[in-house]
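Chemist: The sequence isn't on hand, but the structure is:
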């Protein structure tokens with residue numbers, strides 16, 4: 001094998017290693033023009049998802065203090081699923097079903113743990129209540145009539161399930 005081809009394979013292996021992909025095929029033929037394309041695509045996708053997650057958290061926090069009103073979808077008042085519908089639509093251009101019953105059918109089921117939850121994941125209490133995980137063991141939700149949209153900790157009101165709809 002000539003030096004130039006060996007150098008290209010070595011460079012490709014390092015590029016893949018530093019982007020977090022742990023396995024490559026040593027027998028694969030890698031051409032210099034193929035090395036950077038997958039790396040750029042992977043980095044861009046991750047960045048877009050992170051931006052959406054952060055935008056969801058930012059908008060959810062902005063709604064704190066607004067009153068709970070049954071059936072309200074914002075922007076001046078919310079019920080629980082009205083809040084999640086409004087935040088996902090306006091922060092991430094993601095359309096969710098209007099009710100908790102519809103939202104619980106979406107996405108990938110995630111274990112309810114601070115180790116596995118990511119910002120923007122939906123949290124559910126049975127099939128009757130929904131909130132948005134904002135990181136650090138906290139979530140935002142519209143709890144009940146007579147209360148306002150607020151932040152709460154997982155330890156104070158632990159959900160029964162979680163779904164990831166932004167990937």
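Modeler: That came in fine, so what should we check first? Bear in mind that the values here come from a model prediction, so they are computed numbers and not experimental data.
Chemist: Can you list the neighbours in contact with stretch 125-141?
Modeler: If you take C-beta atoms under 8 Å, 6 or more residues apart in numbering as the criterion, stretch 125-141 is touched by 56-57, 60-61, 63-64, 80-81, 83-84, 87, 100-101, 103-104, 114, 117-124, 149-155, 157, 159-160, 162. The C-beta positions use only the backbone N, C-alpha and C, and glycine is treated the same way.
Chemist: filter those residues to the buried ones?
Modeler: The neighbour-count criterion (16 or more other C-beta atoms under 10 Å) marks 56-57, 60, 63, 80-81, 83-84, 87, 100, 103-104, 117, 119-124, 149-150, 154, 159, 162 among these as buried.
Chemist: In helices only, show me those.
Modeler: Among the buried ones among the contacts of stretch 125-141, the members found in helices (DSSP state H) are 56, 57, 60, 80, 81, 83, 84, 87, 100, 103.
Chemist: Give me the distance between the first one and residue 127.
Modeler: As judged by C-beta to C-beta, to the nearest Å, residue 56 and residue 127 stand 21 Å apart.
Chemist: How about the fourth one?
Modeler: In this view, residue 80 and residue 127 are 12 Å apart by C-beta to C-beta.
Chemist: and for the two, which residues touch both?
Modeler: Taking C-beta under 8 Å, 6+ apart as the contact criterion, the residues that touch both residue 80 and residue 127 are residue 100.
Chemist: Okay, helices next: where are they in this protein?
Modeler: Here the chain has its helices, by DSSP H, at 3-18, 36-62, 80-92, 100-103.
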